[in-house]
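K.L.:
What follows is a predicted structure for the sequence shown.
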Amino acid sequence: MPHTPRPSTVLTVNVGRALPSAHTDWPGGTGIDKRPVDRPVRVAAPGPKGRAGSGLAGDSVCDLRHHGGDDQAVYAYAREDLDVWERELGRELANGAFGENLTTSGIDVNGALVGERWRVGGELLLEVTSPRIPCRTFAGWLGEQGWLKRFTQAAVPGAYLRVLEPGEIRSGDPVEIVHRPDHEVTVAFLFRAETTERELLPRVLAAGDALHPEARKTALKYRSTQAI
């Protein structure tokens, strides 16, 4: 029998509230504890990084130095990848366990191209911008020995997305890929370039204007040093 691919869906929409944590130096704590909600959630571009947090209404992003803003408005992680981590870690990982806003099914999140666009539900239009770079708070939240190294080596970081068209979403909404750009820069490729394979950095510039501004700055700086 021919294989029938699973439909691409948002399994759950996850939001979190600020909680104190010993794993961050930010006085407002952390919003990494995301939980599924059984209601529609409004999603819109939050504003510039450093002054705005999550794109999801009711979702807390605390440390605005490193998180939130228009280019990191929504964070998506695939349930398929969580399942792999469950087996490797020998523990249950609920939807939202990695601090993701959207737990997806049927989407190759790490194989998504920078600039790829997703129509979620009937209104929301998102654009892939960059991978998640693991931080101290994430390491402390998971509580696994050597977690940052393991997560980095696996190169399945999940994707940040910006909001091109606002809309209301809920768990179970379909996801349609409505645009795939013509270049090689996937989320996983960009992650490796920013972490373990810096020599790839000049190639990420092929993603053009869709590339996260900070990734573009890093790539341009690396290219300039190699030209000396």
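P.N.:
Structure's in. What do you need?

K.L.:
Below-threshold pLDDT in the chain: ranges please.
P.N.:
Along the chain, the parts satisfying pLDDT under 70 run over 1-5, 19-31, 50-52, 62-68, 227-228.

K.L.:
hey, where'd the helices end up in it?
P.N.:
If you assign secondary structure with DSSP state H, the helices in the chain sit at 79-89, 136-142, 147-154, 187-194, 201-204, 213-226.

K.L.:
quick one, what contacts residue 168?
P.N.:
Residue 168 is in contact with 40, 41, 42, 43, 121, 123, 124, counting by C-beta atoms under 8 Å, 6 or more residues apart in numbering. In this view, the C-beta of every residue, glycine as well, is placed from N, C-alpha and C.

K.L.:
for residue 70, same thing?
P.N.:
Listed by C-beta under 8 Å, 6+ apart, the contact partners of residue 70 are 45, 46, 47, 48, 49, 52, 55, 162, 163.

K.L.:
Go again with 6 Å.
P.N.:
The contact partners of residue 70, by C-beta atoms under 6 Å, 6 or more residues apart in numbering, come to 45, 162.

K.L.:
same check, this time on the one 4 residues further on
P.N.:
By C-beta under 6 Å, 6+ apart, the contact set of residue 74 is 55, 101, 161.

K.L.:
Name the nearest residue to it, sequence neighbours excluded.
P.N.:
Using C-beta to C-beta, 6 or more residues apart in numbering and skipping the chain neighbours, the partner closest in space to residue 74 is residue 161 (4.5 Å).

K.L.:
what bridges to that neighbour?
P.N.:
Taking DSSP bridges as the rule, residue 161 bridges to residue 74, residue 128.

K.L.:
Residue 183 against residue 206, yeah?
P.N.:
Yes. At 4.2 Å, residue 183 counts as touching residue 206 under the criterion of C-beta atoms under 6 Å.

K.L.:
ok, back up a step: which of the contacts of residue 168 lies at the shortest distance from residue 176?
P.N.:
Distances from residue 176 to these, taken as C-beta to C-beta, are shortest for residue 121 (9.6 Å).

K.L.:
could you measure the closest one against residue 40, distance?
P.N.:
For residue 121, the distance to residue 40 under the criterion C-beta to C-beta, to the nearest Å works out to 9 Å.

K.L.:
From residue 220, how far off is the nearest residue to residue 125 once chain neighbours are set aside?
P.N.:
Of all residues not flanking residue 125 in the chain, residue 165 sits nearest, at 3.8 Å (C-beta to C-beta, 6+ apart). Here residue 165 is placed at a distance of 29 Å from residue 220 (C-beta to C-beta).

K.L.:
Residue 48 now?
P.N.:
Counting by C-beta to C-beta, the gap from residue 48 to residue 220 is 20 Å.

K.L.:
How about residue 74?
P.N.:
Distance, residue 74 to residue 220, using C-beta to C-beta: 26 Å.
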